[in-house]
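Peer 1: One predicted model, sequence on top.
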Amino acid sequence: MYQTVTAPLITFVVPAYNAVSTLEAAVRSLSEQTSDDWEAIIVDDGSVDGTGEMADALARGDDRIKVLHQGNAGVSAARNAAIAAASGEYLAFLDVDDTVVPNFVEKAGSLLGRRPVRPDVVALAYRALPRGTVFGYGRFLGNASEFLELSLGNRYATFPCWLFLVSARLIAASGVRFTVGRRTGEDQEFILKLLCCASICESVEDSDVYYLYRMPSGGSAMGLNLEGQFDYPRAMRDVLCFAAKPDVGMSPNGLEAVDRLLTDRFVGACAYAAETAFSNGASDSDVLSWLTDSLKGFDCHGALENGCCRSENRRFLRLWLGCSGMIPLYIRFGLYIRSIGRTIKYWISRRGTR
């Protein structure tokens with residue numbers, strides 16, 4: 001029988017919905033940690049496949065694992081419930097189809113133990129399975145605004161919540177929570193808002209893997225209401241508005257840089273959402289309606305004038321302002337050109353293996 005007497009270093013937040021095929025492996029990766037300085041809170045989000053019963057069984061005999069049961073309310077509500085029940089100094093997030101390395105907690109303890117002032121946020125590195133590709137932000141220790149500027153400047157950088165350790169103190173002080181009902185982008189919104197509030201941020205070396213992310217075997221867009229694709233630009237828009245609030249306390253220089261980079265992210269998210277929707281059979285009228293809703297009240301002219309957007313995002317905005325009805329043709333043409341490029345690359349690779 002494991003017993004946690006004092007508050008643990010890390011609380012793992014584990015939302016679970018109909019995950020009976022993967023939950024055991026995820027929880028086993030926690031039970032096999034080389035350090036006991038953790039707790040896990042599994043939130044069964046109204047599962048109907050036995051996930052709740054499995055979670056109870058996994059927690060039986062291990063006081064480090066707690067299980068909450070709730071009616072189906074979505075992943076954001078499940079994570080928020082776990083945050084409310086957490087007692088750890090830091091929160092980590094584990095999706096049920098992923099795992100963590102056996103020395104996750106031990107490495108985190110060594111990293112944080114060396115700091116006279118502990119960081120508000122720690123960015124980790126992960127390995128994507130089955131490919132084995134490793135991604136991280138690179139070694140960094142300093143001002144959170146600087147980290148935001150560096151990371152947002154990388155067009156390929158994303159901010160999934162499972163890639164970060166977040167101070168429970170920061171979450172409590174900021175009041176930031178996951179937006180309930182948001183179908184995509186909710187975790188990136190959560191992390192970016194917290195980074196806007198943070199003082200000190202640290203990130204580990206790219207090679208220092210903590211998290212093992214299992215890539216989905218099929219595209220997730222088909223299982224999502226296509227209008228839900230536009231929740232991602234809505235999330236980026238909400239982060240823009242949040243960062244500008246006076247009580248967030250960002251410095252003028254930091255706010256200017258973050259505003260510029262988030263504006264580019266927002267425009268790119270609109271274009272990406274439209275592209276994804278078209279790729280999965282959405283009609284021209286529906287996509288134009290969703291884009292209109294996403295861009296309503298946004299200063300498109302200002303975004304063009306201050307030069308904050310990359311060239312492809314500027315083209316998108318100019319077309320939207322000049323002739324929005326051409327957007328479907330523009331995006332479909334881009335998809336067609338990319339498909340040709342992929343076909344050419346495929347045949348070149350085939351010739352190379354002969």
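Peer 2: Sure thing, it's come through.
Peer 1: from here on, contacts and neighbour counts on C-alpha atoms
Peer 2: OK.
Peer 1: so where's the stretch 1-150 of the chain uncertain?
Peer 2: Along the stretch 1-150 of the chain, segments meeting pLDDT under 70 span 1-5.
Peer 1: one more time with 50, if that's ok
Peer 2: 1, 4 (pLDDT under 50).
Peer 1: What segments of it are helices?
Peer 2: In the stretch 1-150 of the chain, the helices defined using DSSP state H, counting those that start in this stretch lie at 23-31, 51-59, 75-85, 104-113, 144-152.
Peer 1: Quick one: the ones you listed as a markdown table, columns for distance to residue 206 too.
Peer 2: Below are the helices of the stretch 1-150 of the chain laid out as a markdown table (distance: least, Cα to Cα, whole Å):
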| stretch | distance to residue 206 |
| --- | --- |
| helix 23-31 | 21 |
| helix 51-59 | 32 |
| helix 75-85 | 27 |
| helix 104-113 | 14 |
| helix 144-152 | 13 |
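Peer 1: Between those, which one is closest to residue 277.
Peer 2: Closest approach to residue 277 among the helices of the stretch 1-150 of the chain is made by helix 75-85 (22.1 Å; Cα to Cα).
Peer 1: Start and end of stretch 173-184, how far apart?
Peer 2: In stretch 173-184, first residue to last residue: 25 Å (Cα to Cα, to the nearest Å).
Peer 1: what does that stretch rub up against?
Peer 2: Identification of contacts with stretch 173-184 by Cα atoms under 8 Å, 6 or more residues apart in numbering yields 73-77, 79-80, 171, 186-187, 189-190, 193-194, 197, 228-229, 231-232, 248.
Peer 1: Point out where the stretch 251-354 of the chain drops to low pLDDT.
Peer 2: The model of the stretch 251-354 of the chain has no residue with pLDDT under 50.
Peer 1: can you map out the helices along it?
Peer 2: Taking DSSP H, counting those that start in this stretch as the criterion, the stretch 251-354 of the chain carries its helices at 252-279, 284-295, 300-305, 311-323, 327-352.
Peer 1: In the second one, which residues are buried?
Peer 2: By 16 or more other Cα atoms under 10 Å, the buried positions in helix 284-295 come out as 284, 287-288, 290-291, 294-295.
Peer 1: right, and out of the residues you listed, which lies closest to residue 94?
Peer 2: Distances from residue 94 to the buried residues of helix 284-295, taken by Cα to Cα, are shortest for residue 294, at 30.1 Å.
Peer 1: Contacts only, for the closest one.
Peer 2: Contacts for residue 294 (Cα under 8 Å, 6+ apart) come out as 230, 233-234, 270.
Peer 1: Return the members of the contacts of stretch 173-184 classed as buried.
Peer 2: Judged by 16+ other Cα under 10 Å, buried ones among the contacts of stretch 173-184: 74-77, 79-80, 171, 186-187, 189-190, 193-194, 197, 228-229, 231-232.
Peer 1: out of the helices of the stretch 251-354 of the chain, nearest to residue 31?
Peer 2: helix 252-279 (37.9 Å).
Peer 1: Could you check how many residues crowd around residue 146?
Peer 2: Residue 146 has 18 neighbours, counted by other Cα atoms under 10 Å.
Peer 1: my read: it touches residue 254, true?
Peer 2: Yes. Using Cα atoms under 8 Å, residue 146 and residue 254 qualify as a contacting pair, with a distance of 7.3 Å.
Peer 1: Can you give me the distance of residue 58 to residue 67?
Peer 2: In terms of Cα to Cα, residue 58 sits 9 Å off from residue 67.
Peer 1: still on that earlier bit, can you list the contacts of residue 294 in TSV and add distance to residue 164, neighbour count and secondary structure?
Peer 2: Formatted as TSV, the contacts of residue 294 follow (distance: Cα to Cα, whole Å; neighbours: other Cα atoms under 10 Å; DSSP: H, G, I helix; E, B strand; the rest coil):
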residue	distance to residue 164	neighbour count	secondary structure
230	24	27	helix
233	21	25	helix
234	22	23	helix
270	25	26	helix
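Peer 1: Now render those residues as TSV, adding distance to residue 127.
Peer 2: Shown next, in TSV, are the contacts of residue 294 (distance: Cα to Cα, whole Å):
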residue	distance to residue 127
230	28
233	26
234	28
270	28
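Peer 1: Could you identify the most distant pair in the residues you listed?
Peer 2: Using Cα to Cα, the contacts of residue 294 span at most 8.7 Å, a distance reached by 234 and 270.
Peer 1: and the residue lying closest to residue 16 once chain neighbours are set aside, bridged to which residues?
Peer 2: Computed as Cα to Cα, 6 or more residues apart in numbering, the closest residue to residue 16 that is not its neighbour in sequence is residue 44, at 5.0 Å. Per DSSP bridges, the residues bridged to residue 44 are residue 16, residue 69.
Peer 1: just checking, residue 44 touches residue 74?
Peer 2: No. Counting by Cα under 8 Å, residue 44 does not reach residue 74; the two are 10.2 Å apart.
Peer 1: and residue 197, what does it touch?
Peer 2: Here residue 197 is in contact with 170, 174, 248-250 (criterion: Cα under 8 Å, 6+ apart).
Peer 1: and it, how far is that from residue 45?
Peer 2: Counting by Cα to Cα, the gap from residue 197 to residue 45 is 29 Å.
Peer 1: For residue 113, give me its contacts.
Peer 2: Listed by Cα under 8 Å, 6+ apart, residue 113 has no contact partners.
Peer 1: That one and residue 162: what is the separation?
Peer 2: Distance of residue 113 to residue 162, computed by Cα to Cα: 21 Å.
Peer 1: Residue 54 now?
Peer 2: As judged by Cα to Cα, residue 54 and residue 162 stand 22 Å apart.
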